[in-house]
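Trainee: structure of the sequence below:
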Amino acid sequence: MIVIGSDHGGLELKEEIKQLLQERGISCQDLGTNNSDSVDYPDFGVQVASRVSTGAAEKGILVCGTGIGMSIVANKFPAVRAALATDVFMATMAKEHNNANILVLGGRVLDSAKAREMVAAWLDTEFAGGRHQGRLDKIAALESELKLK
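Mentor: You can find the predicted model right below:
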């Protein structure tokens, strides 16, 4: 299952992405926001990232105005590899090389057609493993080391 969340700046694009997931038969849990009232993006980033971090959800998608704020929040969580993407190549590489488990998008910088292509590419791409796994292992070791302090 994919968990998805946005602030008010990403609401419209989040709804487009939910439609794409539904069209593909992918189960999705929407963690909000659900209207255009101004909200704080960390509140929704935390909900998605915590579920991915604990394994309650396999993947997540976050959307705010630029994607920057959501990326910062999500990457505070252990085992989260949130990748902000602005084009199909970045979305593909986020999965292929970094095994990104959260895709982050900017609702005010992407149109819905481009975002749909990006989400599809991220979903359809497999992690390459190999030398890339070694790099992810280094990140996991760093997370573990930093928790000890």
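Trainee: what residue ranges in the chain score low on pLDDT?
Mentor: By pLDDT under 70, the low-scoring segments of the chain are 148-149.
Trainee: for it, just list every one of the helices.
Mentor: 11-23, 41-54, 68-74, 88-96, 112-124, 131-147 (DSSP state H).
Trainee: can you lay out the ones you listed as CSV showing distance to residue 103?
Mentor: For every residue, glycine as well, the C-beta is placed using N, CA and C. Formatted as CSV, the helices of the chain follow (distance: least, CB to CB, whole Å):
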stretch, distance to residue 103
helix 11-23, 9
helix 41-54, 11
helix 68-74, 10
helix 88-96, 6
helix 112-124, 5
helix 131-147, 16
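Trainee: for residue 3, find the nearest of the ones you listed.
Mentor: helix 41-54 (4.9 Å; CB to CB).
Trainee: count of neighbours near the closest residue to residue 116 other than its chain neighbours?
Mentor: Distances taken as CB to CB, 6 or more residues apart in numbering place residue 20 nearest to residue 116, at 5.0 Å, with adjacent residues excluded. By the measure other CB atoms under 10 Å, the count of residues near residue 20 is 18.
Trainee: distance check, residue 20 against residue 105.
Mentor: Applying CB to CB, to the nearest Å, the value for residue 20 to residue 105 is 12 Å.
Trainee: does residue 126 touch residue 95 like I think?
Mentor: Yes - using CB atoms under 8 Å, residue 126 is in contact with residue 95, at 7.3 Å.
Trainee: so between those two, which is more surrounded?
Mentor: For the pair residue 126 and residue 95, the greater number of neighbours falls to residue 95 (23 against 8), based on other CB under 10 Å.
Trainee: once you drop chain neighbours, what's closest to that one?
Mentor: Counting by CB to CB, 6+ apart, the residue nearest residue 95 is residue 125, at 4.0 Å.
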